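1. Give me a model of this one.
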Amino acid sequence: MAKKRTTEQIKNSWPKWKQSGFDLCWSFDWRLGCGKKDAALAWDQWIDSEELSTTAVNAAKKYCTSAKGSSYLAGMAPWINQNRWENELPEPRREQAPVNETMCKKCGNPATIRYLRLCVRCYTDAHSTIHYMGQDRPFTEVLAITLADMGMAYREGESRDDWTDRCRLEFFRLAKSGLFESGRNMASKNTSAKRQKRSAPTANLTNSPDATKACAICHETKPLNFFYGDKSIPGGRQSICRKCRADSPKNEQQYDRGSYSPQDVPCDDCEHKRKCARFRLGCAAYDKWTATGRANDLPKNPDRHAA
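-> All right, here's what the predicted structure looks like:
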C-alpha cells in the first residue's frame with residue numbers, strides 16, 4: 001500500500017526550480033475550491049523539466065489574467081492534467097471604463113429614465129408615438145407638422161433660443177387674440193356648459209304646463225309634476241312616476257319584466273361598450289332605454305357625455 005504524503009512532503013522531493021515554479025503558478029487567481037495537494041500531484045506528474053516549468057508558468061499567468069472573473073475559469077489541477085499550456089490562449093481581457101448610469105447615453109444630459117439611461121428628450125425622440133391621420137407616428141414628427149401648420153416651424157439657420165422665443169411670442173399673440181385658450185379656462189367653461197346643459201331641460205320642462213312623460217312601469221303619460229326631479233339624468237325627471245315608486249316593494253325601482261329585462265340593454269352587443277364605460281359617453285339608444293325601459297332601434301353612436 002502506497003504511503004500517503006502531504007503537500008510539503010511532495011514539494012520537498014523536488015528540485016529548486018520545480019518548487020519555485022509551482023509556488024509561482026499557485027499564486028495566480030485560479031478557480032475557488034481547487035485543492036493545493038491535487039495541484040502538487042499534477043505538477044509532479046507532468047512537469048519534468050525546467051523549460052517546461054517556465055512555459056507552464058507563463059501560460060498559466062496569461063490564462064488566469066484573461067479568464068479572471070469568468071465562470072469558465074478552471075482550477076490549477078485540471079488545467080495541468082489537461083496540458084492546457086499547449087492551447088492557443090486568448091488575448092487578456094481589457095478593463096472597460098465604468099458606465100455612468102445617471103447620464104443619458106445619447107446626449108450626456110442627466111438621465112430621467114434610469115433603466116434605459118435616457119433623458120426625456122431622447123426618450124421622446126426614440127419611443128413616443130401618437131395616433132395621427134389614421135396611423136401611429138413619432139411624436140416629434142406630429143409636433144413638426146402641427147407647428148408648420150401654425151407658422152411656427154423651425155427655420156434654416158435659426159438658433160434654438162431664437163426659435164423658442166419666436167414660438168413663445170406667437171403663442172402669446174394667439175392667446176391674446178382669443179384663437180385658443182389655456183387649459184384652465186377651457187376646463188372652467190366646459191364645466192359651466194355642462195351645468196347649464198344639465199339644468200336647462202329641468203327648468204324648461206318644469207315651467208311648461210303641457211309637458212308630459214310616460215312612466216316606465218305603468219306606461220301612462222302623466223304631467224311632469226307626477227315624477228320626482230333628478231338632474232343627473234336627461235330630461236331632469238325620473239322615469240318612474242310617484243305612484244308606482246310608492247307602490248313598489250321597499251320603495252325600490254321595479255320594472256315590468258315583460259317590457260324591461262337585462263337582455264334589452266342596448267350596450268350588451270355594442271362595439272362602443274368599453275369606450276362609453278371609460279369616458280362616460282351616451283347615445284340615443286341608451287337615453288331612450290333609460291327613459292322607457294324598453295329596447296329600441298335608435299343608432300348606437302356615442303355623441304355625448306352621459307349625465
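2. Which parts of the stretch 1-150 of the chain are strands?
-> Taking DSSP state E, counting those that start in this stretch as the criterion, the stretch 1-150 of the chain contains strands spanning 129-132, 135-138.
3. Ok, which of the ones you listed comes nearest Leu298?
-> Taking CB to CB as the criterion, strand 129-132 is the member of the strands of the stretch 1-150 of the chain that comes nearest to Leu298, at 29.2 Å. Heads up, the C-betas are built off the backbone N, CA and C, glycines and all.
4. Output the closest one as CSV, restricted to C-alpha atoms.
-> What follows is the C-alpha trace of strand 129-132 in CSV, where atoms were taken according to Å, rounded to 0.1, in the frame of the first residue of the first chain:
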residue,chain,number,x,y,z
THR,A,129,-45.7,57.9,-30.7
ILE,A,130,-49.2,59.5,-31.3
HIS,A,131,-52.1,58.4,-33.5
TYR,A,132,-52.3,60.9,-36.3
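5. elements contacting that strand?
-> Taking 3 or more CB pairs under 8 Å, 6 or more residues apart in numbering; DSSP states H and E as the contact definition, the neighbouring helices and strands of strand 129-132 are strand 135-138, helix 139-149.
6. Take the ones you listed and lay them out in a markdown table including mean neighbour count, distance to Arg242 and mean pLDDT.
-> Listed next are the helices and strands packed on strand 129-132 as a markdown table, based on neighbours: other CB atoms under 10 Å; distance: least, CB to CB, whole Å; pLDDT from 0 to 100:
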| stretch | mean neighbour count | distance to Arg242 | mean pLDDT |
| --- | --- | --- | --- |
| strand 135-138 | 12 | 54 | 84 |
| helix 139-149 | 13 | 55 | 82 |
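7. OK, contacts around Phe227?
-> Neighbouring residues of Phe227 by CB atoms under 8 Å, 6 or more residues apart in numbering: 213, 215, 237-242.
8. Local confidence estimate at the closest residue to it other than its chain neighbours?
-> Of all residues not flanking Phe227 in the chain, Arg237 sits nearest, at 4.2 Å (CB to CB, 6 or more residues apart in numbering). Among the per-residue scores, Arg237 holds a pLDDT of 82.
9. before we move on, what about Phe180?
-> Looking at Phe180 specifically, the model assigns a pLDDT of 58.
10. same question, Ala295
-> What the model reports as pLDDT for Ala295 is 77.
11. ok, it touching Asp269?
-> No. Using CB atoms under 8 Å, Ala295 makes no contact with Asp269, being 11.2 Å away.
12. In terms of neighbours, single out the busier of these two.
-> The neighbour comparison of Ala295 against Asp269 (other CB atoms under 10 Å) goes to Ala295, with 16 against 8.
13. ok, that one to Lys273 distance?
-> 16 Å (CB to CB, to the nearest Å).
14. Then Cys34?
-> Taking CB to CB, one finds Cys34 at 68 Å from Lys273.
15. Over to Lys106?
-> Here the distance between Lys106 and Lys273 works out to 43 Å (CB to CB).
16. thinking again about what came up before, phi, psi of the residue nearest to Phe227?
-> According to degrees, to the nearest 10, the main-chain angles of Arg237 amount to phi -130, psi 150.
17. beta partners of it?
-> Taking DSSP bridges as the rule, Arg237 bridges to Gly229.
18. got the CA coordinates for stretch 11-23 in CSV?
-> Once side chains and other backbone atoms are set aside, the C-alpha atoms of stretch 11-23 remain, and they are given as CSV (Å, rounded to 0.1, in the frame of the first residue of the first chain):
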residue,chain,number,x,y,z
LYS,A,11,7.4,19.5,-2.7
ASN,A,12,10.5,18.6,-0.7
SER,A,13,11.2,15.8,-3.1
TRP,A,14,11.5,18.2,-6.0
PRO,A,15,14.5,20.3,-7.1
LYS,A,16,14.6,24.0,-6.5
TRP,A,17,13.4,25.1,-10.0
LYS,A,18,10.4,22.8,-9.7
GLN,A,19,9.4,24.1,-6.3
SER,A,20,9.7,27.8,-7.3
GLY,A,21,7.8,27.2,-10.5
PHE,A,22,4.9,25.5,-8.5
ASP,A,23,4.8,28.3,-5.9
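19. Done for today, thanks.
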